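> Sharing a model prediction with you, sequence too.
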Amino acid sequence: MAAREQLLSTALRLLGEGKPESVSINLVAKEAGLSWGSVQNLFGDSDGFWSAVADQVAEVGPELWAKPTSTTIAGRVAEIAELYRAVLESPYAVSVETMRWALPRPLDVLAETHPRTAASIRRLDELASLAFVHFFDGLEGLDEERRTAMSEVMPAMLRSLRNEQLLGTHVDIDRAHQAMVTMLTAYLEG
C-alpha cells in the first residue's frame, strides 16, 4: 500500500508541475524510488496506472469546491467563476491537464489504447459538470436547461482563458473573465 501511495503522490507532484515529460511511468517510478515492475505489480499496466492517477484526483475533487454563499444568480456566477479559476490552477487540475495533453486525444482515441484511463477522465469531466450544476441548487427562477448549458460552457470558457494566460497573450485575462461572468449571468437570468 505504501508503494502504491508513493507512486500516485509522485505522479501527482510531477504532473502538477505541468511538464509533459512527466507523463512517463519510468520517470514517476524512478522519482518514487521504485521500478517499472512495481508499477506492473500494483497497477497492471500504464492504463491501470494513469487511470488510478485520475481516480486519485476524483477523490480529492470535492475538497476543491467551496459551498456557495450568494443567494443571487449574478453572485453565484461570479463565485463559481472565481472558484473554478482557482481549481484550474491547482496541482490536481494541472495534473489532469498535463495527462490529457500528453496522452492520445480526444478521449475516444485514448480509449482505444487506455480504456480505463479514458473512463476515469470522462468521470472527472462528469463530476465537474455535476459540481457546476449543483452549485446553483436552491436558486429561484433558474431555468434547468440554461443551468445545464452553463455547466458545459463555463468550464470550457475558463479553460480557454487559462490557456490564453499560459501561452502568453495580449488579451486582458481579468477583463475577459469579467465579460464572461457578465454574459453568463445575463444568459442565466434569461
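Right, received. Where do you want to start?

> tally of neighbours for the residue nearest to Leu15 when sequence neighbours are not counted?
In this structure, Leu15 finds its nearest non-sequential neighbour in Ser95, 3.7 Å apart by Cβ to Cβ, 6 or more residues apart in numbering. Backbone N, C-alpha and C define where each C-beta goes, glycine included. Residues lying near Ser95 (other Cβ atoms under 10 Å) number 25.

> Helices along this protein, start to end?
Per DSSP state H, the chain carries helices over the ranges 2-15, 25-31, 36-43, 46-64, 73-89, 91-102, 107-113, 115-135, 144-167, 173-189.

> Now mean pLDDT too, for those, in JSON lines please.
What follows is the helices of the chain, written out as JSON lines (pLDDT from 0 to 100):
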{"stretch": "helix 2-15", "mean pLDDT": "96"}
{"stretch": "helix 25-31", "mean pLDDT": "96"}
{"stretch": "helix 36-43", "mean pLDDT": "95"}
{"stretch": "helix 46-64", "mean pLDDT": "94"}
{"stretch": "helix 73-89", "mean pLDDT": "95"}
{"stretch": "helix 91-102", "mean pLDDT": "95"}
{"stretch": "helix 107-113", "mean pLDDT": "96"}
{"stretch": "helix 115-135", "mean pLDDT": "94"}
{"stretch": "helix 144-167", "mean pLDDT": "92"}
{"stretch": "helix 173-189", "mean pLDDT": "95"}
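
> Now for Arg76, how many residues are close by?
With other Cβ under 10 Å as criterion, Arg76 counts 21.

> Assess the claim that it and Leu139 are in contact.
Yes: using Cβ atoms under 8 Å, Arg76 makes contact with Leu139 at a distance of 6.5 Å.

> Spatially nearest residue to Val60 (excluding sequence neighbours)?
Counting by Cβ to Cβ, 6+ apart, the residue nearest Val60 is Tyr92, at 5.5 Å.

> And for Leu184?
Nearest one to Leu184, counting by Cβ to Cβ, 6+ apart, is Val77 at 5.3 Å.

> try Glu112
Sequence neighbours aside, Pro104 is the residue nearest to Glu112 in space, at 7.6 Å (criterion: Cβ to Cβ, 6+ apart).

> Now stretch 36-54: buried residues?
Under the neighbour-count criterion of 16 or more other Cβ atoms under 10 Å, stretch 36-54 has 38-39, 42-43, 46-54 buried.

> In contact with the closest residue to Leu7 other than its chain neighbours, which residues?
Closest residue to Leu7 apart from its sequence neighbours, by Cβ to Cβ, 6+ apart: Ala32 at 5.1 Å. Residues in contact with Ala32, defined by Cβ atoms under 8 Å, 6 or more residues apart in numbering, are 3, 6-7, 10.
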